[in-house]
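# Quick one: sequence plus predicted model below, questions after.
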Amino acid sequence: MKTIQKTSIGFAIGMLTSLASGVGSASTTVVDLNTSRTTVVQQCYSAAKTRRYTAFYESVRRSAHRAHRLAQLYEADAYRLSQLESGVIIDSEPYTGMVHSLREVENQIKEILQDVDPAFAKEAGLLELRRNLALARSNAVTAERMAWQTSAVPEISEGKTSGEALAAAAEYITNRIV
């Protein structure tokens with residue numbers, strides 16, 4: 001049996017690290033925004049030209065772009081895994097770790113979205129970031145499952161049902177459907 005190392009996992013880990021740091025800075029900014037008595041939207045509109053909020057918007061935009069890039073990477077990995085020859089074994093653990101990490105970042109975004117006004121979330125790009133994270137996680141799960149399938153050994157059990165009984169059941173179900 002052959003084993004293949006995934007070259008994209010290292011790149012994905014680097015992207016996830018930068019994505020998580022961007023989400024962390026966005027979270028800090030949202031907490032800072034919520035400490036005063038005015039609404040987040042009012043604060044953002046009144047201070048939109050300051051560097052702090054410009055940096056916040058840029059951080060969210062970059063994070064959304066990184067999450068979208070991760071989604072593309074995992075989609076390509078899933079395709080690559082689907083094209084592997086029989087007998088090639090892929091370790092699914094790196095994918096599993098990335099799925100868990102993406103879920104953690106997704107949960108951070110959900111917490112941020114609970115603390116901000118929906119209009120602000122849309123304007124700041126937080127909703128796009130959430131969508132891109134969900135897509136990246138979904139594609140990572142697909143790649144994880146496909147990698148797991150390369151090493152899963154099918155369990156063979158002896159059947160206890162006769163072939164005639166299975167044929168009769170199939171015919172009955174087919175007649176009911178048609």
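Ah, there it is.

# Going by C-alpha atoms from here, please, whenever you check contacts or count neighbours.
Fine.

# What are the buried residues along stretch 85-92?
With burial defined by 16 or more other Cα atoms under 10 Å, the residues of stretch 85-92 counted as buried are 89, 90, 91, 92.

# And the pLDDT at the second one?
What the model reports as pLDDT for residue 90 is 84.

# What of the one 10 residues further on?
Residue 100 carries a pLDDT score of 89 in this model.

# Run a quick neighbour tally on it.
Burial of residue 100 is recorded as 14 neighbouring residues (other Cα atoms under 10 Å).

# does it count as helix, strand or coil?
helix (DSSP: H, G, I helix; E, B strand; the rest coil).

# now residue 157
Secondary structure, three-state DSSP: residue 157 is coil.

# Tell me which residue lies nearest the centroid of this structure.
residue 137 (1.2 Å; Cα atoms, centre = their mean).

# my guess is that one meets residue 73, correct?
No - the pair residue 137 and residue 73 fails to qualify as a contact (Cα atoms under 8 Å) at a distance of 11.0 Å.

# Give the residues shared as contacts by these two.
Shared contacts of residue 137 and residue 73 (Cα atoms under 8 Å, 6 or more residues apart in numbering): none.

# what does stretch 150-157 contact?
87, 88, 89, 90, 91.

# Kindly reformat these as CSV containing distance to residue 146 and secondary structure.
Shown next, in CSV, are these (distance: Cα to Cα, whole Å; DSSP: H, G, I helix; E, B strand; the rest coil):
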residue, distance to residue 146, secondary structure
87, 13, coil
88, 12, strand
89, 10, strand
90, 9, coil
91, 10, coil
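
# Format those as a markdown table; extra columns: distance to residue 169.
Formatted as a markdown table, the contacts of stretch 150-157 follow (distance: Cα to Cα, whole Å):
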| residue | distance to residue 169 |
| --- | --- |
| 87 | 35 |
| 88 | 37 |
| 89 | 37 |
| 90 | 38 |
| 91 | 39 |
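
# What is the nearest of those to residue 58?
Residue 58 lies nearest to residue 91 out of those, by Cα to Cα, at 35.8 Å.

# and that closest one, what does it touch?
147, 148, 151.

# all strands of the protein, in order?
For the chain, the strands defined by DSSP state E cover 2-3, 88-89.
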